[in-house]
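Chemist: 3D, please:
(chains A and B)
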Amino acid sequence: MEKTWNNKAWFLVLPVLVLVAFSAVIPLMTVVNYSVQDTFGNNEFFWNGTDWFTEVLHSDRFWNSLARNLIFSLIILAIEIPLGILIALNMPKKGAGVSVCLVLMALPLLIPWNVVGTIWQVFGRVDIGLLGHTLAALGINYNYTQDPTAAWITVIVMDVWHWTSLVVLLCYAGLVSIPDAYYQAAKIDGASRWSVFRYIQLPKMKRVLLIAVLLRFMDSFMIYTEPFVVTGGGPGNSTTFLSIDLVKTALGQFDLGPAAAMSIIYFLIILLMSWVFYTVMTSHDAET
Amino acid sequence: MDFSWMAWTLPTALFFGTIAALLVGMGIWEYVSPGGNPRIGLLRFETTRGDRLFISLLGSAFIHLIWLGLTNANLWWALALSLVYAIGVFRYV
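Modeler: Residues are numbered from 1 along each chain as shown, chains lettered A, B, ... in the order given. Have a look, this model is predicted:
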């Protein structure tokens, strides 16, 4: 049958194009314009060339925030991915327990970011929080407002609590899609539990795991609300990630030029990472 | 319509004009020679000419950033290097 070509269908794309233009393209263009100028307000701008980019690229503050962000992303990936797989493997595949587990897993994902931050801010307080008070009663010196290590542990545990469910649900979807025939063949061959995981479950979960890694990396690399609510980027600058640093520069100091330059560098890093993940995912699809 | 809040300058307008012209040019190229000319090059995965433009632009952005971060030399040299890089991408990737 011959394909029907109808160019009128392009008009259906128009609403999306308009939305993207107003929500992404025009703001991005404005940020690029700001990044090469200086302003003291009142909509007056002065040409500054590429000086803001040079300043940002030579500032320890930017590189430290970037390093903190990368370390944070790597830590939460190292925890959430194996933990998510482990929980998904142990979730029931049949019966009433499935619904219960799925609802329980979905609950943290339904809570808004700022509420998650507030929950953990209160939870970790030594005076009124269950976690902080219990740890203090056990003689453990825990104070996320004064100790950088405690602040990092709190932010990491909070993220793991909030987002491991996403990895679990993705892995679970991958696991239930494996036909029973694979398990039956493995049973006939006398395969061990590890062999079943290594040669059947893991390869079948590869695609959803790539999506999970991509989503979690992107999200953790752009994290703002939760650490801002819990620690405000402190103590000192110990939990000041790139997005927090950016907001401090743009809104706290009203340095719009350096903030715009930092935004563009941040955007390019995320674009590069997204492209790498996308390429890996689509190359994998092409192979299979 | 007043766009003064976008703080336009001639160099940034030229920059975005060039990007728009590149996109229009790619559209015309696709119209004249449909299919995107997919091939497997140096990176060992399939790329169309649109992918190659994206790789060229993204790579050029990082070339400029690295140039600004590591040298004090004139930025036009980074642009020249980016053009050489883009030609390489379109030829070998």
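Chemist: which residues in the chain form strands?
Modeler: If you meant another chain, say so; for now it's chain A. If you assign secondary structure with DSSP state E, the strands in chain A sit at A:37-39, A:45-47.
Chemist: Let me rephrase: I mean chain B.
Modeler: Counting by DSSP E, residue ranges of the strands within chain B are B:39-40, B:46-47.
Chemist: Roughly how far does A:Phe267 sit from chain B?
Modeler: Separation of A:Phe267 from chain B (C-beta to the nearest C-beta, to the nearest Å): 10 Å. Bear in mind the C-beta positions are built from the backbone N, C-alpha and C, glycine included.
Chemist: Pull the residues that contact stretch A:223-234.
Modeler: Residues outside stretch A:223-234 that contact it (C-beta atoms under 8 Å, 6 or more residues apart in numbering or on different chains) are A:69, A:72, A:113-114, A:116-118, A:120-121, A:124, A:144-145, A:151, A:154-155, A:158-159, A:162, A:238-241, A:243-245, A:247-248.
Chemist: ditto for stretch A:139-150
Modeler: A:124, A:126, A:131-132, A:135-136, A:151, A:153-154, A:230-231, A:234-236, A:238-239.
Chemist: and it, how far apart are its ends?
Modeler: For stretch A:139-150, the first-to-last residue distance is 14 Å (C-alpha to C-alpha, to the nearest Å).
Chemist: mind listing what's buried in it?
Modeler: Buried residues in stretch A:139-150, defined by neighbour count with 16 or more other C-beta atoms under 10 Å in any protein chain shown: A:142-145, A:150.
Chemist: ok, now stretch A:87-101?
Modeler: So, applying 16+ other C-beta under 10 Å, buried residues of stretch A:87-101: A:87-89, A:91, A:101.
Chemist: For that stretch, measure first residue to last.
Modeler: 10 Å.
Chemist: Now that stretch: average pLDDT?
Modeler: Across stretch A:87-101, pLDDT averages out at 91.
Chemist: gap between A:Asn114 and chain B?
Modeler: 29 Å.
Chemist: the domain parsing of chain A - what is it?
Modeler: A:27-58+A:255-288, A:70-243 (automatic domain parsing).
Chemist: Now distance to B:Gly35 too, for these, in CSV please.
Modeler: Below are the domains of chain A laid out as CSV (distance: least, C-beta to C-beta, whole Å):
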stretch, distance to B:Gly35
domain A:27-58+A:255-288, 17
domain A:70-243, 27
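Chemist: And the ones you listed: which comes nearest A:Val13?
Modeler: domain A:27-58+A:255-288 (19.6 Å; C-beta to C-beta).
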